[in-house]
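Asker: Quick one: sequence plus predicted model below, questions after.
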Amino acid sequence: MSRYVGAIDQGTTSSRFIVFDRKGHVVSVAQEEHEQIFPRPGQVEHDPKEIWKKTRKVMKKALEKADLKPKDLVAIGITNQRETTLIWDRTTGEPLHNALVWQDTRNDRLVAEYAKDGGTNRFRDVTGLPLASYFSGLKLRWLLDNVKGARKKADAGEVLFGNIDTWLVWNLTGGVDGGLHITDVTNASRTQLMSLETLDWDEGMLKAFEIPRAMLPKIVSSSEVYGETKAPFEGVPIAGILGDQQAALFGQTCFTPGEAKNTYGTGCFALMNTGEKPVASKAGLVTTLAYRLDGGKPVYALEGSIAVTGSLVQWLRDNLGMIKESAEVETLAGTVEDNGGVYFVPAFSGLYAPHWNDAARGLIIGLTRYINKGHIARSVLEATAFQTKEVLEAMEKDSGIAVKELRSDGGMVANDTLMQFQADILDVPVVRPKVAETTALGAAYAAGLATGYWRDLDDLKQNWSVDHRWEPKMDAAQRKKIYAAWGRAVKRSFDWKTDAD
């Protein structure tokens, strides 16, 4: 009998394959980074063929490390960077262009054009999303308009579209030789092409964005058996798909309305389960699908997306050379007692929730001769916590539910300084689970549920336990003071980019 569940975790900077046991413990893991391509300012691309190659490589390595064969896996789940958009030839399997990464803003003029008629909330009632460069629909429109021959081939039914989940499933199940062209409801909800009510592609959105329906994948549940892998991993059911942030919510077992998590990765993504009815946001969040189990009702969430958090530490390392390894940022920040009055607003590609200002750009403010690199490092960490506080405040306004604790996951939760400051600025406890790989775990849970490896959601809840808990310690007056200063800094970043730029 198969003993384990595997999960592909295809993220913004790397691809991983993790094998889990019934307790949700990691049995084996392999990881490979892929290239970040920056053709011009505001443009971010990935090579889809490299991602597929690295995915196969980590699957093989993880199994070999644990002396496992594909037959030892009861199922595979997939979680992926969302909104990252690609198109490929149905017959040859060749991408027509590099994938446009979720951070890419080259479609900002399209966003502005559509916003002229009805504003940025023009399609929010249907899709739950504001007009922004972030989402897949207008990235796809840009590709169709700018890649030579793409629209003609798409109109003829010769081109397929997908986020990364769709690309991986198509290749894993045979590619040009009968590969499945599907996406789950969570990824579909990030395209701005799906109706939150019908959970199907919305004809009005397709017409508005000029997207041929024939190139779109079939929308399926987040947990069901879709098909089986082909060689070299032949015969393993693919049974779970969740966008990375929904996967983390699922892996954190936030199954009750009001429960919330924040993932500290390349960006930060806070989600709150709102139950079986979508909650329309008036405070700058997006309404999205949390998950849908096979045969069950859809579960919705409010989400606040922050573009730059962990990638800001990478920028400090790679662009400025202040640190050699990302983990060194905590040591450097620890050389000073506070930020010295410095605030860093990392609006490298505009600001996402709750501001949605595509023309904002990054700034460091409050500099004096007193400031050293320790203060800069501390302001980098604090920027993540401040942005998270903005998002959670918006969640409380929209939902009417006070956040009593924040479940945290992602690479940055190992940073004690950041997590303590997060608890301090939020004035609520921040909790890290024992199994920190919650994104991959959520995909594994979805696949395991569909194949009977786990019986139900209660089975999954029993696996969750606390590793560390940070309690708030900051004085209320100090909290109010520094958060107000952050707000002033954010406002100064607004609308820096102009049409002349």
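Answerer: Perfect, thanks for sending it.
Asker: pretty sure residue 216 contacts residue 202?
Answerer: No. Using C-beta atoms under 8 Å, residue 216 is not in contact with residue 202; the gap is 10.9 Å. Glycine gets a C-beta too; all of them are placed from N, C-alpha and C.
Asker: shared neighbours, those two?
Answerer: Residues touching both residue 216 and residue 202 (C-beta atoms under 8 Å, 6 or more residues apart in numbering) are residue 193.
Asker: who's more crowded, those two?
Answerer: Taking neighbours as other C-beta atoms under 10 Å, residue 216 and residue 202 compare with residue 216 leading, 22 against 19.
Asker: Check what pLDDT the more buried one gets.
Answerer: pLDDT, residue 216: 97.
Asker: just residue 405 next, same as before
Answerer: We have a pLDDT of 88 for residue 405.
Asker: Please pull up the helix or strand immediately following the host helix or strand of residue 138.
Answerer: According to DSSP states H and E, residue 138 maps onto helix 136-146. Moving toward the C-terminus from helix 136-146, the next helix or strand (DSSP H and E) is helix 150-155.
Asker: In terms of secondary structure, what does that next one contact?
Answerer: When contacts are defined as 3 or more C-beta pairs under 8 Å, 6 or more residues apart in numbering; DSSP states H and E, helix 150-155 sits against strand 86-89, helix 136-146, strand 159-162.
Asker: Give me the buried positions along it.
Answerer: Using 16 or more other C-beta atoms under 10 Å as the test for burial, helix 150-155 gives 150, 151, 153, 154.
Asker: ok, and what's touching that helix?
Answerer: Under C-beta under 8 Å, 6+ apart, the answer for helix 150-155 is 87, 89, 96, 97, 143, 144, 145, 159, 161, 212, 214, 215.
Asker: now do 7 Å
Answerer: 87, 96, 143, 144, 145, 159, 212, 215 (C-beta atoms under 7 Å, 6 or more residues apart in numbering).
Asker: Which among these count as buried?
Answerer: Members of these classed as buried by 16+ other C-beta under 10 Å are 87, 96, 143, 144, 159, 212, 215.
Asker: In terms of pLDDT, where does the residue lying closest to the fifth one once chain neighbours are set aside sit?
Answerer: Right, the one you point to is residue 159. Sequence neighbours aside, residue 153 is the residue nearest to residue 159 in space, at 4.7 Å (criterion: C-beta to C-beta, 6 or more residues apart in numbering). pLDDT for residue 153: 94.
Asker: next one: residue 116
Answerer: Per-residue pLDDT puts residue 116 at 91.
Asker: quick one: it and residue 470, what's the gap?
Answerer: Going from residue 116 to residue 470 by C-beta to C-beta, to the nearest Å gives 45 Å.
Asker: And those two? Which one has more around it.
Answerer: A count of neighbours by other C-beta under 10 Å puts residue 470 above the other of residue 116 and residue 470, at 22 against 8.
Asker: does the closest residue to the more buried one other than its chain neighbours sit in a helix, a strand or a coil?
Answerer: In space, and not counting its chain neighbours, residue 470 is closest to residue 423: 4.1 Å by C-beta to C-beta, 6+ apart. Recorded secondary structure, residue 423: helix (DSSP: H, G, I helix; E, B strand; the rest coil).
Asker: need the longest helix for the protein.
Answerer: helix 373-399 (DSSP state H).
Asker: in that one, what counts as buried?
Answerer: Neighbour-count burial for helix 373-399 [16+ other C-beta under 10 Å]: 374-395, 398-399.
Asker: Check which helices and strands that helix is in contact with.
Answerer: Applying 3 or more C-beta pairs under 7 Å, 6 or more residues apart in numbering; DSSP states H and E, one finds that helix 373-399 contacts strand 260-264, strand 268-275, strand 299-306, helix 310-318, helix 328-333, strand 343-345, helix 416-426, helix 476-493.
Asker: who's in contact with residue 431?
Answerer: Taking C-beta under 7 Å, 6+ apart, we find residue 431 in contact with 405, 406, 407, 408, 466, 469.
Asker: So what pairs up with the third one in the strands?
Answerer: Spelled out, it's residue 407. With DSSP bridges applied, residue 407 shows beta-bridge pairing to residue 261, residue 431.
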